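[1] Fold the following.
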Amino acid sequence: MSGESTRRLAAIIKADIAGYTRLMGADEKGTHLRVQRLFRELIEPTIAEHRGRLVKTIGDGFLAVFDSPVEAVRCAIVIQQSMVGRNLELPSAQWIRFRIGVNLGDVIVEPDDVFGEGVNVAERLEQLAEPGNIYISGGVYEQIRYKLVCGYQSLGDRKVKNIVDPVPIYRVLPDPAALAKATRSGWSRIGLLGAGSIIVAGVGWYAWNRVARQPVEAVAVATQAPASAAMPRAVASGGVVPEPHEPTASTRAVPRVDPPVPAPDLTPSPPPANPVPPPAARTPAPATEMQAAAVPR
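    Sure thing, here's the model as predicted:
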């Protein structure tokens, strides 16, 4: 160990290549050469451009420190976006994708290494990150949230290995379209749940409304047993026929009303215009011989 150790606040980048063992198993020499070329052409120049220092390379990854968390996140974004363009020229089985974690913490800086809890948190973020993504801690997010043109997705507080307190974690969304897509997907799920609740409530209200609107008389007629069918059974079994209760207005069955039958017309007919008077009663005269012959016998 050479030189003197110093303690200071620094932004730390810890990165590694996802699936490095698989890539080496498929093409060991080719993968090694590609990774070495990436460090020469992309990683080292990008770190220097953003005023950082490459502390060391660790097989398939690297460790770098920066004075500014804004520059550290900018460097990580440039690396990830550059790798997207490089991978388009290759089959998906040969893609090299970095997982990057960025943390802001107090560290011990030496000429050839960096130590401290800030480095450990950055390493845990890198292990949690998905291939091609950048995960940052809550301390970094508070410093850069209004200073970079990108989006951030909160992943909540996570309990990580060998760290006492849970760490707030955010995923960086460099592409504004990715932020809009993540927001739409979240609201879509809420909208479907809300629409489902509204439909269920509407069906329940409709069913209740149909039952509530049925006439009381119709329900009473349907549920009331005929008295003529119940009375003979009671008499046959030796019971006493109960007194029929007077039906109330709410349970009285609606009687069937037939159309009225017209009454017969009993008005006397008017007398004839020229009535024939009945013959007057008189004493018959003795009939003559000719009259007697004319009267029928």
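[2] quick one, helices of the protein?
    20-26, 28-38, 44-49, 69-87, 117-128, 138-144, 176-212, 216-223, 227-236, 289-294 (DSSP state H).
[3] what mean pLDDT would you report for stretch 37-56?
    Average pLDDT, stretch 37-56: 95.
[4] Kindly report the same for stretch 129-140.
    96.
[5] contacts for it?
    Residues outside stretch 129-140 that contact it (Cβ atoms under 8 Å, 6 or more residues apart in numbering): 11, 18-19, 69, 72-73, 76-77, 80, 83-84, 97-105, 121-122, 125-126, 128, 144, 152, 155, 167-172, 174. Every residue, glycine included, has its C-beta placed from N, CA and C.
[6] Please repeat the previous calculation with a cut-off of 7 Å.
    For stretch 129-140, the surrounding residues in contact (Cβ atoms under 7 Å, 6 or more residues apart in numbering) are 11, 18, 69, 73, 76-77, 80, 97, 99-104, 121, 125, 128, 167-172.
[7] now do stretch 88-99
    Counting by Cβ under 7 Å, 6+ apart, 15-18, 34, 38, 79-80, 83, 87, 126, 129, 131-133 sit against stretch 88-99.
[8] where in this protein is pLDDT low?
    For the chain, the stretches with pLDDT under 70 are 1-3, 176-297.
[9] What is the neighbour count of the closest residue to Phe115 other than its chain neighbours?
    Setting aside the residues directly before and after it, Phe115 is nearest to Ile108 in space (Cβ to Cβ, 6 or more residues apart in numbering), at 4.5 Å. Other residues near Ile108 number 15, with proximity taken as other Cβ atoms under 10 Å.
[10] Just give me the neighbour total for Arg8.
    Arg8, neighbours per other Cβ under 10 Å, totals 10.
[11] Was I right to think it contacts Ile108?
    No. The pair Arg8 / Ile108 is not scored as a contact, 8.7 Å apart, by Cβ atoms under 7 Å.
[12] Give the single residue among the contacts of stretch 88-99 positioned nearest to Ala26.
    Checking the contacts of stretch 88-99 against Ala26 with Cβ to Cβ, the nearest one is Arg34 at 11.9 Å.
[13] follow-up on the earlier one: show the buried residues in the contacts of stretch 129-140.
    11, 18, 69, 73, 76-77, 80, 99-104, 121, 125, 128, 167-172 (16 or more other Cβ atoms under 10 Å).
[14] Buried ones in stretch 40-54, by neighbour count?
    Within stretch 40-54, the residues that count as buried by 16+ other Cβ under 10 Å are 43, 46-47, 50, 52, 54.
[15] ugh, wrong one, I meant stretch 73-91
    Buried residues in stretch 73-91 (16+ other Cβ under 10 Å): 73-80, 83.
[16] How about stretch 21-40?
    In stretch 21-40, counting by 16+ other Cβ under 10 Å, buried: 23-24, 31, 35, 38.
[17] hey, C-alpha coordinates of it in PDB?
    The C-alpha coordinates for stretch 21-40 follow below in PDB (Å, rounded to 0.1, in the frame of the first residue of the first chain):
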ATOM      1  CA  THR A  21     -19.500 -16.700 -17.300                       C
ATOM      2  CA  ARG A  22     -21.900 -17.900 -20.000                       C
ATOM      3  CA  LEU A  23     -20.200 -15.600 -22.600                       C
ATOM      4  CA  MET A  24     -16.800 -16.900 -21.600                       C
ATOM      5  CA  GLY A  25     -18.000 -20.500 -21.900                       C
ATOM      6  CA  ALA A  26     -19.300 -19.900 -25.400                       C
ATOM      7  CA  ASP A  27     -16.300 -18.000 -26.700                       C
ATOM      8  CA  GLU A  28     -13.600 -17.500 -24.100                       C
ATOM      9  CA  LYS A  29     -10.900 -15.800 -26.300                       C
ATOM     10  CA  GLY A  30     -13.400 -13.700 -28.300                       C
ATOM     11  CA  THR A  31     -15.200 -12.500 -25.200                       C
ATOM     12  CA  HIS A  32     -12.000 -11.500 -23.400                       C
ATOM     13  CA  LEU A  33     -10.800  -9.500 -26.400                       C
ATOM     14  CA  ARG A  34     -14.100  -7.800 -26.800                       C
ATOM     15  CA  VAL A  35     -14.200  -6.800 -23.100                       C
ATOM     16  CA  GLN A  36     -10.600  -5.500 -23.300                       C
ATOM     17  CA  ARG A  37     -11.500  -3.400 -26.300                       C
ATOM     18  CA  LEU A  38     -14.600  -2.000 -24.500                       C
ATOM     19  CA  PHE A  39     -12.400  -0.800 -21.600                       C
ATOM     20  CA  ARG A  40     -10.000   0.900 -24.000                       C
END
